[in-house]
Every structure is written in C-alpha cells, then in structure tokens.
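>>> Could you look at this predicted model? Sequence included:
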Amino acid sequence: KFSYFIKLLLSARDMIRSIRACKTAAEERAVVRKECAAIRAAISENDQDYRHRNLAKLMFIHMLGYPTHFGQMECLKLIASPGFPEKRIGYLGLMLLLDERQEVLMLVTNSIKQDLNHTNQYIVGLALCALGNICSAEMARDLAPEVERLLQFRDPNIRKKAALCTIRIIKKVPDLAENFINPAAALLKEKHHGVLLTGVQLCTDMCKVSTEALEYFKKKCIDGLVKVLKDLANSPYAPEYDISGITDPFLQIRLLRLLRVLGQGDADTSDTMNDILAQVATKTESNKNAGNAILYECVATIMSIEDNSGLRVLAVNILGRFLSSRDNNIRYVALNMLMKAITLDTQAVQRQRATILECVKDPDASIRKRALELVYLLVNESNVKSLTKELVDYLEVSDQEFKGDLTAKICSIVEKFSPEKIWYIDQMLKVLSEAGNYVKDEVWHALIVVITNASNLHGYTVRSLYKAVQTAGEQETLVRVAVWCIGEYGEMLVGSAGVLDIEDPITVTEADAVDVVEAAIKRHPLDLTTRAMCLIALLKLSSRFPSCSKRINDIVLHHKGSLVLELQQRAIEFSSIIGRHEKIRSALVERMPVLDEVTYTGRRAGSVPAAVSTSQGAPPRIPNGVAKPTSAPLVDLLDLSSDETPAPSSFGGDFLQDLLGVDVSPASSKGTNQTQKSGTDVLLDLLSIGTPPAQSSSSTLDMLSPSQDNKSSVDILNTLASPSTTPSAQASSPAGISPMMDLLNGFGPSPSGPETNGPTYPSVVAFESSSLKMTFNFSKEPGNPQTTLIEAQFANKSPNIYSNFVFQAAVPKFLQLHLEPASSNTLPASGNGSITQKLRVSNSQHGKKSLVMRIRINYKVNDKDVLEEGQVNNFPRGL
C-alpha cells in the first residue's frame, strides 16, 4: 500500500508542469485533488522521507488558492527536524500556510526559541525571518529577550535580521520598546550599511510608539545622524553602494525620514539639521530618479520640521523644478507636496503659480485634477481675477471629460471671492456660455438670487444674457437663466433701461424678446424644466408686451395637447389668463420680489436648519459685499419625532411667505364655518383651487424646477386653474358633464365674518427649574381659532442677575411659529422684575392636534454660560 502511494507522488516539478498544462479550471481542480489525496495519504503514513517534498507541493497549491490546512502540522515537524534543509522548508511553509491568528502557532514558540539559540547562524537567521513575519503578541513577549541579545550578534546579517524582527515586536507590543532603546541606538553607529539601514528604520518606528525613545534619540543620536548623512552626501565614489552616481540613496532616504520625525515640534533639533538639509537640497543631482527621490524626502523633511523660511523657499523651488520635469510621476508628487506646503508658506507657493497653471492644461488627467485643486487653494482676493481669467480661457479648449471638474471649481471660486456683483455676473455668464450643460442646479439658482439683489444691474444682465443666448443657445443652463431674466425684466431689455458705460448699444424689439423664448422651447423639446420656465416667461411677457399677446397665446396653446401633464396644465391655465383675465393679469405676473441672498446661501451651505426660531442672533457673513439686515440664528433642537420636525419660523424667514407677501398672522375669514389658513393656504383659498398642498420647507429656488412635487411660490402664482372641479361647480352642471371651470370668475376678497370675542384660557407654568420660571398667558384673535397669541413671562428665582438672556423655541411642521423680540435681555434677581416675550403660533391641524413646543433658554450668570432645555406639553385644550 505504501509503495502504491509513493508511485502516486510525483515530484514538485512534475506537479507544477501538469497543473500548467491544464486547459480548463476543471482539469486543474482534478490534478490538485489527486495530489492532495496522495499528500494526505503520505501524512497519515508518517512518511518522513518525502515530508519536505510534500510541503513544497502544498505551498504551491496554497498559492493557487486551494485549502491546505491539513498540512500545517507538517510544518511544525519539519521545524523540529535537526537538519537545515528540512528547517528551511518548514519555516517557509510556516510563514506561508499560517498567520499570527492560528492557534497552531503556539506550538512552534519553543522550537523558534531553541533555533534562536542555535550554534548555526543560518538556522538562527531562519528563526528570525519567521518571527519577523508571523510574530504574535504572545510570541513577542516570550522571545523578546533572545531577539534583544541577537541585536549584538557578531554576524552583521544576524544583527540586520534581528533589527527587522524587533520592528515587528514593538508594533505588536509597544511596551517592549523601552527594552530596545540602547541596542537600537548602538545600531546607528554601525559601519555596515545594511545593518545601519535597518537600525535607522527601527529607530524611526520606535519614535512613533514610544515618547521615551523619541526624547532619547533627540538628545543622544541627532548629531551622529547628521554626521552620517553628511558623510554620505560628500562621500567619494563607492561601487558597492553607488546607484546612478549617488551613494546609497536608500540609506539617505531613511535618514531623512528619521530626521523628519525627530525635528517635528522641536526647534533646537531642527536647527541642528538645517545645514545638512540645505546641503542635501543643493548638492543632490535631479537628473536621475535616485536623486529625485532624495530631494523629495528632503523637501518633505523641511516642510515637517520647525519654521525656517529660507529652507522652505528652497524646498518650494525644488518642487517647482519637479513641475517642469517630463516625468508625470514626478510632477504628480510635486503637486501633492505643494498642497501640503501651501498651508505653511503660501507666498512661496504663489511664486510657482504660472507653472501650476500650466499643469492644469496637462494631457494627463490625474495631473490636471490635482493641479486644479492646487489652483483653487491658491486663489485669494488679490489674484482671483487673473486666475479666473486663465481658467475661463482654458475652459474654451478643455476636453469634454474635464469640463465638469473645471466648471465646478470656477463657479466655486467666483462665488467665494467675487469682489463685486457685476464681475460675478460676467464670469458666470462666460461659464454658462462655454459649459452651461455642466453647471449644477444650485449654481444657477444662486446666480438668479444674486441677480435679483443687484437692482442696478438688471438691465445690463438681461441684455448680456440676450446676446449670450444668441451664440450659445445649446447650453440649457444659460437658456434657463436667460428665459427667467427676460420674463422678469423684458421691458428693460426692449427699453434699454439702466445702460452702463461699458456696454455696447443694442436694439431689441418686443418680437425679438419673444423670439428668444420661442426658440428655447423648440431647441430643448426634451427638457421639462426649460420648457416650463419658457411658458412662465411667456405669460409674464404677455403682460409686459400687450402687442404680442396674441402671438404669445398661440405659442402657449401649442402645448395644450402636450403629453406631459405639467406642461398641459400650465398651457391651459396661462391661455385662460391671457385671453380672459387681462384686468388681473398684471397683478398676477408682476416682478418677483428680491430673494433673500443670506438665508439661501446659508441653507445651501447646510448651516441653516429649517425649523427653529430665536429672539436674538448674530449677523451671518454675506457674499459679494452686500449688507443685509440681521437674521436670527437657527438652532437644532433634538428629540423630535418625524411629525415634530421643526417648521420654518417667520423670524428666520419663510421663503414661501416672503414671496407671497403672506405672514403667519391671521388673514380674513372666508366664512363662519371655515378656519383660517396661512401662507400657501391663504392664496389657494382666495383662488378657490381646492385642497392646498402640504407645507414644504424646500429651497427658495425650487420654483425653478417645476417638475418637483413641492410647488413653490412661482408655481402657485401661475397655477390658476385645476383639472378638478369644486362641489359647487358639479352641482350647477348638467348630469354627466364636467365642464372646465374658469376659477378666476368672481376673483376678489372673501367677505369677512362677524367678529366675536374669543374664549379665555388659563395661564400655565410652561417651564420651571430651581432658578428659573416661565409662564405662558394665552389669547385668541376674534374669528381666527387657528392662531394662538402667547405671552411668555420669565422670572428669576435666584439671587444672581441673568444677562444675555435668549429664549429659543421649535415646533413640529404642522405648526408655524413667530417670535417677537424680548422686552429685555437682562433678568433681575430674586423675582424683582421679569422679561416678557410674545409668540404667535398657527396650528394647521387645529381641532385635531394639540400644541407642543421644544424650548431652550440661554443666559449668563457670573460670566458663565448656562443652558436650560425642556418640552412644553401642558397647553390648554382648544389651542
């Protein structure tokens, strides 16, 4: 039986040849299964003669990805063998088939310890190699004394391997690093470059895990390291260490990395190495890769140690030379290093601006992107115009795949650093003309916000857009902005209002303006947003250009049969307004109010939560140098369920209410049995459109995306008819007929119901702590049960005066909250006075849901900030 298995066992060379000859994976698996079966049989027979050959086969099978766990114990048996050949195969199998997580590894610890003390230095070397590759924390603790002893072994190869093994030990057990400080320092004095190289790496790793080792090397070894590096830099030709004319660049790089670690945060140590760093930076040749590697590490060391302006300028100049290299790898690492250097010495990097700009135009995509990121970091108020001009000029000739990244960076630079609005508008129009299809929605939304705030530039902007769209009408984003501005400021375009000195004269007729919008609809038949915006612009132009009303109506009616419900509905509604309601048309389509640039910018940056009001606040930073009134900070109050997500307060600015001119204060009642509505509800109730849509806290510029479900103010202003009919219309129509109603017939204010005195409600203690008491007094306005007026009174129960008193509140989304300013921000001590503050709360679910409020109170006591929080749930019934 044994001879049968011997015949099955081929040599390792034959097995490899047979596996490579397999044409399919199935054939390979069959050969491997046959070999594994034979090896298992040999293992069970305890075949010692072929054990090393079997393990060699298992290692090859393991590298192919097949399981070989059944051969792990064979490794231990070979390691326990007395001969070197068997131990060599055993240790190789141990490193390949096992790792530090295997429990079997515990059994080999004693064998490794014996081999570390073996008289044969080659066996010692095998044990050190294995320990350095698979050492676990337990093995490190058990074998550290033997490794420490071998760091002083007579043979340099053993010392080198012991140093590498020590690196593994201190990474697994950092506490053991203290035991190796003196032996590691002794290795730095070695003459053998191999031992010195491993010793430097050992010291570097020890400094990272042990503060004691770091301080020791700073005091005892820095001078020796500087001397070694100096000798290498000035050494004559040594053939055994020479690479491309440079003496041992690997050792020089390791020394520079150790100096970098030692010099961080230590001015004295940095001063000691300044001279040698300058010498290496100036004497090393940069025409070979070995020299470039040394220069790169030298630059990294200079940037990491304590400040030396002269050395940093030298380092940045070296990086500038790297940027002029033909090697893409060298240029890429130089750009990476410059991105780190810009935080340390901006002026030195600014001197390389021209070279960096050339890298933006590099054929290599990775270099272009990295250079663009670096240019973005270089931009400031003084160079924004010149850098933006360069980038915009390159945008015209850049590759299509690079336009997206380049456009995003240019828009961000213009928005962040624009010195004046007219420059901002000019640059954005250039970007939209060249790469408008790559501009994100929030960018052109922000442009429209800026345009609405620049009242003196409305005429200039609409004329510039008119000229731009003539030559770049294929850019969808440019067309959207142009159509929006023509709809808003069309009369300024035709009448040449607000002409600036820098403009060229232009003559535009009413028909020309309508032509632009009509061409936009035809050119972009698949873009729903653009076509919807064109219909809105045509509706507005019908009021501004009465002579073109018939033509505009014909264009609008062309979409009456559109398969897109959004466009069909708009076409029917707008046609009805143009043809039958000329008296109220001008009021419906009057110019949009100025959009709040501050709040929109804050929301876009994600810094403005949508639902909290506060009585005091600091003014936010406003872009483009425009002064805005103080806006209250919005506070994120937690612990609210999904139903209780805070709704926008009027103090923080509700965009929908601002655009409609409607506050959360009560409006006139439409009947004695109908409750009051606020915001969107009021307008929809006046227009008799029916059930109003749910409140939405969407962004200001949602109006520019009509396909969204949450319609904003522009959609509401233009949605003047509905496919559904009201009950009264159904009652008056013949049976089986559902005629389209003209919802604007009888448009006018609803009669107010009779005023009655509202009910009275008891006061409640809304919040009370050991030092503060807050009381709510309630009242209702006659005929407005939805809205509750609350007077909050704050009393100080402590003997200390409270200063900087701020009250904040948040409510769920079915409530609308308006906070008026407090009567004072100082609360007298011991109840000798109080602070009052009025709140107005509108409940859209009146009669279904009760009021609930989350409150936060901030104040100072003896120059210490105090924060108190709570939730008010004890509101009286009926509010």
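Looks like it came in fine. Because the structure is predicted, anything quoted here is derived from the model rather than measured.

>>> Number of residues surrounding Ser433?
By the criterion of other CB atoms under 10 Å, Ser433 has 22 neighbours. For the C-beta atoms, the positions are set from N, CA and C on the backbone; glycine is no exception.

>>> List phi and psi for the closest residue to it other than its chain neighbours.
Distances taken as CB to CB, 6 or more residues apart in numbering put Ala472 closest to Ser433, at 4.2 Å, once the chain neighbours are dropped. Main-chain torsions, Ala472, degrees, to the nearest 10: phi -130, psi 50.

>>> what's the answer for His118, then?
Main-chain torsions, His118, degrees, to the nearest 10: phi -70, psi 150.

>>> that older thread, quick one: the residue nearest to Ser433 from Ala482, how far?
To Ala482, Ala472 is 10 Å away according to CB to CB, to the nearest Å.

>>> Only the buried residues of stretch 223-234, if you could.
Buried residues in stretch 223-234, defined by neighbour count with 16 or more other CB atoms under 10 Å: 225-226, 228-229, 232-233.

>>> same check, this time on stretch 827-839
For stretch 827-839, burial by neighbour count (16+ other CB under 10 Å) applies to 827, 834-835, 837, 839.

>>> go on, stretch 807-820?
Buried-residue list, stretch 807-820, by 16+ other CB under 10 Å: 807-819.

>>> what stretches of this protein score poorly on pLDDT?
1-10, 47, 602-758 (pLDDT under 70).

>>> Show me the longest strand that occurs in it.
Longest among the strand segments of the chain by residue count, using DSSP state E, is strand 784-796.

>>> Listing partners with orientation, what would you give for that one?
Sheet pairing of strand 784-796 (DSSP bridges) gives strand 772-781 (antiparallel), strand 834-843 (antiparallel).

>>> Among the buried residues of stretch 807-820, name the ones in strands.
807-810, 815-819.

>>> May I see these arranged in TSV, with distance to Cys75 as well?
Shown next, in TSV, are those (distance: CB to CB, whole Å):
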residue	distance to Cys75
Phe807	74
Gln808	69
Ala809	71
Ala810	66
Leu815	73
Gln816	75
Leu817	74
His818	78
Leu819	76
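
>>> And for the spatially closest residue to Ala571 that is not a sequence neighbour, the neighbour number?
Spatial nearest neighbour of Ala571, chain neighbours left out: His559 (3.9 Å); criterion: CB to CB, 6+ apart. Residues within reach of His559, counting by other CB under 10 Å, total 22.

>>> With the one 5 residues further on instead?
As a burial measure, Val564 scores 14 neighbours (other CB under 10 Å).

>>> didn't it look like it was pressed against Leu528?
Yes. Contact criterion CB atoms under 8 Å: Val564 and Leu528 qualify, at 6.2 Å.

>>> Against Tyr332, how distant is the closest residue to Glu401 other than its chain neighbours?
Take Glu401 and drop its neighbours on the chain: the residue closest to it by CB to CB, 6+ apart is Ala365, 7.4 Å away. According to CB to CB, Ala365 and Tyr332 sit 11 Å apart.

>>> Of those two, which one has the most company?
Between Ala365 and Tyr332, counting by other CB under 10 Å, Tyr332 is the more crowded of the two (19 against 12).
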